[in-house]
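>>> got a sequence here, can you build the structure:
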Amino acid sequence: MNAKIKKTLISGLAVLTVAAGLATASAPAQAGGFNPWPFVAVGAAGFVVGTLAAQHPVYVGRGYCGQVREKVYDAYGDFAGYRWVSTC
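Modelled structure (predicted):
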């Protein structure tokens, strides 16, 4: 699964999360005040699912596709830091 499809699926999940929140908000008014817990639950579920979908690697066929951190060295061979590299 390439990055464009992955981003599309994650943004679709975000839209569904917002739609579910609006559906619970359009319930008829009740005496007793405002209950924020349906919004908290929908937001937390959307956050968890979106985070998990964005972080886990995708296995396609025989190989591993995702991003890994690779060490970077300068011209003298000294450690300079890390960079993200796409692997597939």
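
>>> can you point me to the longest strand in the chain?
strand 63-73 (DSSP state E).

>>> okay, now the domains of this structure?
1-56, 59-88 (automatic domain parsing).

>>> for those domains, which has the smallest mean pLDDT value?
Lowest mean pLDDT within these: domain 1-56, a mean of 72.

>>> residue most distant from the centroid, this protein?
Distance to the chain centre peaks in the chain at residue 76, reaching 38.3 Å (criterion: C-alpha atoms, centre = their mean).

>>> picking up where we left off before, who does the longest strand of the chain pair up with?
strand 58-60 (antiparallel), strand 79-87 (antiparallel) (DSSP bridges).

>>> could you dump the ones you listed to TSV with distance to residue 8?
For glycine as for every other residue, the C-beta is placed from the backbone atoms N, C-alpha and C. What follows is the strands paired with strand 63-73, written out as TSV (distance: least, C-beta to C-beta, whole Å):
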stretch	distance to residue 8
strand 58-60	14
strand 79-87	18
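
>>> could I get the ones you listed as a markdown table with mean neighbour count?
Listed next are these as a markdown table, based on neighbours: other C-beta atoms under 10 Å:
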| stretch | mean neighbour count |
| --- | --- |
| strand 58-60 | 13 |
| strand 79-87 | 10 |
